[in-house]
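1. A predicted structure for the sequence below; I have some questions about it.
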Amino acid sequence: LGHLAPVRDSLRRRTPRGLDRALRIACGTRYLRLATRLRHCKSEPTEKTVALEVAMASHLVRARTLLERWGKALVDIERAHHYRNADQLVSLLKQWRFESTEPQVAAAQADLERWAWKAGELAPRLAAAKLRKDIPVVEALLKE
C-alpha cells in the first residue's frame, strides 16, 4: 500500500491540490494493478486479500470525500475574500488550516495582512481628519 503514501502526505499537510494529484495517481492504473494482484494472490488467504482491498478502497473513498469537503471550503474562502469579509475569512482559515501554499489561502492571508496594516495606519489618520472636519482628506483616505 505504499502507493497511498502521497495521499496520506497530502492529508497530513492539508493541501487540496496535492490531494487531488495524489488521488488521480493512486486511483489510476496503480490501483487497478494492485487490486488485480491482490485478487490473484495465492500465497495469502482470500479473507486477508479481500480485507486489504477493502481497506485500500475505503481509504481512497474517505480521501475523495474529504477532498470534496475541502473544495467547498476553498469556495467559501474565495467568497469571503471576494466580499472582503475579514472576520469570516479569519474564521474559515482557522477552521480548515490549509497549507499556505494553496493559492486561495495565500491570497487571502496576504490580503488579511494588508487590510490589517491599512486599518492600523488609516484609522488614526481618518479619526484626526474627522475631528478637523477635513472632508477632502476623509474622502481621499476612504478611497485608499
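-> Received it, and whenever you're ready, just let me know what you need. Just so it is clear, the structure is predicted and the values come from calculations on it, not from any experiment.
2. What residues sit buried inside the host helix or strand of residue 23?
-> Taking DSSP states H and E as the definition, residue 23 sits inside helix 16-26. Of the residues in helix 16-26, those buried under the neighbour-count criterion (16 or more other CB atoms under 10 Å) are 16-19, 22-23, 26. Heads up, the C-betas are built off the backbone N, CA and C, glycines and all.
3. Output the contacting helices and strands for the one helix or strand residue 9 maps to.
-> When elements are defined using DSSP H and E, residue 9 is found to belong to helix 5-13. Applying 3 or more CB pairs under 8 Å, 6 or more residues apart in numbering; DSSP states H and E, one finds that helix 5-13 makes contact with helix 16-26, helix 46-82.
4. buried set for the helix or strand just after the longest one?
-> When you say that, I think you mean helix 46-82. Following the chain from helix 46-82 toward its C-terminal end, the next helix or strand by DSSP H and E is helix 86-96. Along helix 86-96, the positions that meet the burial threshold by neighbour count (16+ other CB under 10 Å) are 86, 89, 92-93, 96.
5. Equivalent analysis for stretch 59-66, please.
-> Going by 16+ other CB under 10 Å, stretch 59-66 has these buried residues: 59-60, 63, 66.
6. follow-up on the earlier one: out of the helices and strands packed on helix 5-13, which is closest to residue 139?
-> Proximity to residue 139 (CB to CB) singles out helix 46-82 among the helices and strands packed on helix 5-13, at 25.0 Å.
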